[in-house]
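In: Generate a structure from the sequence data that follows.
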Amino acid sequence: MVIIMITVSICDDDLNYIVTLEKQIECYFLKRNISVGIDSFKTASEFLDYAGQKHIDIAFIDIVLSRDDSGIDVGAALRKRLAAYS
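Out: Coordinates of the predicted model:
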């Protein structure tokens, strides 16, 4: 028997949205009998620090995180970090 573990990260500055998305993700994977680990972050820097250390299968990144952080920029930084490991 193969056990699948999916790692999901959420980066959003809205705690209510994080909680809602976590519940939806857990429900989705539970219905499919797939183990899921979810890590959530309220800032781009926390998320990018984590992403530099851990494997992430799926990332949900808010487009507008704060005045200074854009989800588009975070995605680009994440891509650069992942390319460095390839």
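
In: Which elements pack onto the lengthiest helix in the chain?
Out: Of all the elements of type helix in the chain, the one with the most residues (DSSP state H) is helix 15-31. For helix 15-31, the helices and strands in contact under the criterion 3 or more C-beta pairs under 8 Å, 6 or more residues apart in numbering; DSSP states H and E are strand 5-11, strand 35-41. All C-beta spots, glycine's among them, are computed from the backbone N, C-alpha and C.

In: quick one: which of these is nearest Phe29?
Out: strand 35-41 (4.0 Å; C-beta to C-beta).

In: Can I get the closest one in CSV, CA atoms only?
Out: In CSV, the C-alpha atoms belonging to strand 35-41 read as follows (Å, rounded to 0.1, in the frame of the first residue of the first chain):
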residue,chain,number,x,y,z
SER,A,35,-2.8,12.6,3.8
VAL,A,36,-2.2,16.3,3.8
GLY,A,37,0.0,18.6,5.8
ILE,A,38,-0.9,22.3,5.8
ASP,A,39,1.4,25.1,6.9
SER,A,40,0.1,28.7,6.9
PHE,A,41,1.9,32.0,6.9
